[in-house]
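Enquirer: Task: produce atomic coordinates for the following.
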Amino acid sequence: MRQVLTTGILYGMHWTGLMAVFRQLFSGQAVIVMFHEIQRDFRHELMTGTSVELFQQCLSSLRRQGWKIVTLDECLHALSLGDPKAPRYAVITFDDGYRDVLSVALPILEQDNAPFTVYVPTAAPTRALKSWWLGMREIFRRADHVTIDPMGVRFDCSDFLSKKKGLKAVVKWVHEDYRRAALLDRTFETHRISLSALNAAYFMDERELQALSRHPLASIGGHSTSHAALATLDPSSARAELEDNRMYLETLLGLPVRHLAFPYGTPGACGPREAHIAEQVGFSTAVTTRKGHLDGASVNRFWLPRIGLGCHPRISFEANLSGVHVAAQAVSNAVSVDLPLRSRAK
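Expert: Reported below is the predicted structural model:
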């Protein structure tokens, strides 16, 4: 219900012209857009990625609103010049190295001549990735009754909506504490789920990754060795995750790997320590999943925000491009400051 109400408000802002006003007041000079899977059969995948249609619409929105799609290097260089007459820039990124970036997204990006970066964890092409999110999706697709013992919850999910809702609940539970992902191993064994087989089905292999790296529009970035939440690791382990991943990719591709995406990218998964480690091991930039735009030359290159796009309506994406989230945060901050003052006045 909340999502329906929010979408209705956004459509109202669009049709009344308020979205354009927000764009003028709050939109930054640049934006980094984050994708994961681009799914041909969106419903079959329980709406966990981005549909082909929505992906095409989002690229169209960027072009229509005057965003120039460039590489991350070009974007940051342009911002460093501080030219007030420069166009607004957009950077396209994909996390994890899904095969559909190559088979589905690439032909669409070629039509727009749009450069992009794919952030790849070592364990995806080597098939060792603990891709718990793929495992849980497979379980909910197969089963009408799913018990997650570590959560103490049983999901009765015989229809599409209940399967989607159950999967979302488990994902939310893991994101509250990333160490919980290891507690799901027994569940995978019970349901005879092979994460290695799912990795082979969904992620590019080494040969495909090498081919993609030679494409003139593509850049390959690091994403750690195992896709661990780095903030949960000790400093030496976190450093090894980044160093080993960079070395693996550079050896495989024969190219420098200079850009990084922190796994998960949330405050619970990375912070100032991880940003410092990324710089120490030789990366030039690091992106998070913190929502926001880039503005001005004083951008922290190792703590870059992005705008994510999953299964949400295109209007939500356009709202994020327009800076609605920036305005909402400003209002929230103002209220949080004002409330204590009013309380004291009483």
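Enquirer: Strands along this protein, start to end?
Expert: For the chain, strands defined by DSSP state E occupy the ranges 30-35, 38-39, 50-51, 67-69, 88-95, 116-120, 145-148, 153-156, 218-222, 259-261, 285-287, 307-308.
Enquirer: quick one: average pLDDT of the last one?
Expert: For strand 307-308, the per-residue pLDDT values average out at 90.
Enquirer: Might one say that Glu37 is in contact with Thr48?
Expert: Yes. Using Cβ atoms under 8 Å, Glu37 makes contact with Thr48 at a distance of 6.9 Å. No exception for glycine: its C-beta is placed from N, CA and C like everyone else's.
Enquirer: Between those two, which is the more surrounded one?
Expert: Using other Cβ atoms under 10 Å, the more surrounded residue of Glu37 and Thr48 is Glu37, with 24 against 20.
Enquirer: That one - nearest residue in space that isn't next to it in sequence?
Expert: Residue nearest to Glu37 in three dimensions, not counting chain neighbours: Gly49, with 3.0 Å by Cβ to Cβ, 6 or more residues apart in numbering.
Enquirer: And for Leu183?
Expert: Pro150 (4.0 Å).
Enquirer: For the one you found, which residues are in contact?
Expert: 180, 183-184, 187 (Cβ atoms under 8 Å, 6 or more residues apart in numbering).
Enquirer: Just give me the closest of those to Arg258.
Expert: Closest approach between the contacts of Pro150 and Arg258, by Cβ to Cβ: Arg180, at 32.5 Å.
Enquirer: list the contacts for that closest one?
Expert: By Cβ under 8 Å, 6+ apart, Arg180 lies in contact with 150, 173-174.
Enquirer: hmm, back to that, tabulate the strands of the chain (CSV), appending distance to Trp132.
Expert: Putting those into CSV (distance: least, Cβ to Cβ, whole Å) gives the following:
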stretch, distance to Trp132
strand 30-35, 20
strand 38-39, 19
strand 50-51, 20
strand 67-69, 32
strand 88-95, 15
strand 116-120, 18
strand 145-148, 11
strand 153-156, 16
strand 218-222, 21
strand 259-261, 18
strand 285-287, 22
strand 307-308, 19
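Enquirer: of all those, which lies closest to Leu294?
Expert: The nearest among these, by Cβ to Cβ, is strand 30-35 at 4.0 Å.
Enquirer: From the contact counts, what lies against the closest one?
Expert: Strand 30-35 is packed against helix 52-64, helix 72-81, strand 88-95, strand 307-308, with contacts defined by 3 or more Cβ pairs under 8 Å, 6 or more residues apart in numbering; DSSP states H and E.
Enquirer: Other residues contacting it?
Expert: 49-50, 55, 58, 62, 67, 72, 75, 78-79, 88-95, 105, 287, 289, 293-295, 304-309, 321.
Enquirer: how much distance is there from that strand to the middle of the chain?
Expert: In terms of Cα atoms, centre = their mean, to the nearest Å, the centre of strand 30-35 is found 9 Å from the chain centre.
Enquirer: for it, which positions count as buried?
Expert: Using 16 or more other Cβ atoms under 10 Å as the test for burial, strand 30-35 gives 30-35.
Enquirer: My understanding was that Phe262 contacts Cys270; is that so?
Expert: Yes. Phe262 is within contact range of Cys270, at 4.0 Å (criterion: Cβ under 8 Å).
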